[in-house]
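Novice: Sharing a sequence plus its predicted fold:
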Amino acid sequence: MTKNITIALCTFWLMAGCQGPSYPLPKSQKLPPEKVEQILGTIGKNYPHLSSEIRANILKTVVQSLDNMVFVEGGEFQMGDFGWPYDDDPTNMCDWPCRVESDRMGRLTMFGDDDFVHPVELSSYHLSKYQVQLAEIDLFFTSQGQPVFDAEDRKREDLQFLYRPNLPAPTKTWQEAKDYCGWLAQLSGYPVDLPTEAQWEYAARNRGQYLAFPTDNGSLNYGRNFPHPDELNTFPVDAFLPNPLGLYNLSGNAADWVNDWFGKDYYRHSPILNPQGPETGTQKARRGANVGEDPLLSASTVMRFPTDPIRSGYFPGTSFRCAIQSQETL
């Protein structure tokens, strides 16, 4: 098998009229070697003008992105603000419904856009355990012949903390997040896209359980599974403990773009099976909370943020993670 793959790869590079790669291929935790070779060929075909170093970085990024995908088994859940006892301790949350009648429960969020609890059934899918990193979106921009954002600010020593490569990638527009996931889809051959709002909440609630916060235990244990409330700067995407599915920083670092248009009343007429959000709109939905927001007010699993799809700059509090819209495991 290995010999056949090598012959096929050599044939590809000869037909392309150029030399084969001079770098070792990355080993994948999930992909067979022939799939990695296929991705390499697609990168070479799409970006023959890029240096071998950049092509190698693209290959490594695509393979790592696929390895980082967590398979989320589909199922049914009640989406929306299911309520919580008024006096519960956020550092040691009880097991819902906490022996409390529903009429004695308060809302998890201060807004009403998520109040209508409704049934949702999701097919299985994959969701990235990490938000896309700044270094990864820089590589995407470079592959598209675009300059990295804030190039002049990055030269300033006093701003270096904002541009560390392992921070969540900020985006100025929703479309940039959409295009990045589409780039992974183009190069990998898998249906990579942004997650839907329902997929994000289902995963944040550990497959739809009644959890108030998207942490390992549903509570806020500052410094262990969530940043301290006085933290103001984003931090590496793999910091703190993941939730039970293995997903990191679903709240408290940067909020995630999702695929859906935001509809204030969408929950009242949402289809049960795999809801995709309104067909049109003026704002996109974000989920999770960023590091500068009060976790007790905004870091719940059900909180929704309507956001203009084009913003005025690359703000650290807005990022994204990709999903594979397929029921098949890698």
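Specialist: Now that the structure is in, tell me what you want to look at.
Novice: list the buried ones in stretch 117-131?
Specialist: By 16 or more other Cβ atoms under 10 Å, the buried positions in stretch 117-131 come out as Val120, Glu121, Leu122, Tyr125, His126, Leu127, Ser128, Lys129, Tyr130, Gln131. For every residue, glycine as well, the C-beta is placed using N, CA and C.
Novice: distance between the ends of that stretch?
Specialist: Between the opening and closing residues of stretch 117-131 lies a distance of 27 Å (Cα to Cα, to the nearest Å).
Novice: Now do the helices in this structure.
Specialist: 2-15, 33-46, 52-67, 134-143, 174-188, 197-204, 295-298 (DSSP state H).
Novice: Relative to Phe226, which of those is closest?
Specialist: With distances scored as Cβ to Cβ, the stretch of these nearest to Phe226 is helix 295-298 (6.4 Å).
Novice: Which of the residues in the closest one are classified as buried?
Specialist: Neighbour counts using 16+ other Cβ under 10 Å place Pro295, Ser298 of helix 295-298 among the buried residues.
Novice: can you list contacts of that helix?
Specialist: Contacts with helix 295-298, where a contact means Cβ atoms under 8 Å, 6 or more residues apart in numbering, come from Pro90, Thr109, Met110, Phe213, Leu220, Phe226, Pro229, Ser251, Gly252, Ala289.
Novice: Save those residues as TSV, and put in pLDDT too.
Specialist: Putting the contacts of helix 295-298 into TSV (pLDDT from 0 to 100) gives the following:
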residue	pLDDT
Pro90	96
Thr109	94
Met110	89
Phe213	98
Leu220	97
Phe226	97
Pro229	92
Ser251	97
Gly252	97
Ala289	95
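Novice: Most neighbours out of those residues, which is it?
Specialist: Highest neighbour count within these: Gly252, with 30 neighbours (other Cβ atoms under 10 Å).
Novice: what sits against it?
Specialist: Phe226, Pro227, Phe240, Gly288, Ala289, Asn290, Val291, Pro295, Ala299.
Novice: With respect to Gln325, which of those residues is nearest?
Specialist: Taking Cβ to Cβ as the measure, Gly288 is the one of the contacts of Gly252 closest to Gln325, at 19.8 Å.
Novice: Check the gap between the closest one and Gln199 for me.
Specialist: When Cβ to Cβ, to the nearest Å is applied, the distance between Gly288 and Gln199 equals 13 Å.
Novice: rewinding a little: with the contacts of Gly252 in mind, which one is nearest to Thr171?
Specialist: Out of these, the member with the shortest distance to Thr171 (by Cβ to Cβ) is Asn290, at 12.8 Å.
Novice: For the closest one, report the pLDDT, please.
Specialist: The score at Asn290 is 95. That number is its pLDDT.
Novice: Then Ser22?
Specialist: The predicted structure scores Ser22 at 58 on the pLDDT scale.
Novice: for the stretch 51-200 of the chain, what are the low-confidence residue spans?
Specialist: Within the stretch 51-200 of the chain, no stretch has pLDDT under 70.
Novice: Do a quick rundown of the strands in it.
Specialist: 69-72, 75-79, 84-85, 105-106, 118-122, 125-128, 192-193 (DSSP state E, counting those that start in this stretch).
Novice: Including distance to Leu247, could those strands go into CSV?
Specialist: Rendered in CSV, the data for those read as follows (distance: least, Cβ to Cβ, whole Å):
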stretch, distance to Leu247
strand 69-72, 6
strand 75-79, 16
strand 84-85, 21
strand 105-106, 26
strand 118-122, 15
strand 125-128, 6
strand 192-193, 16
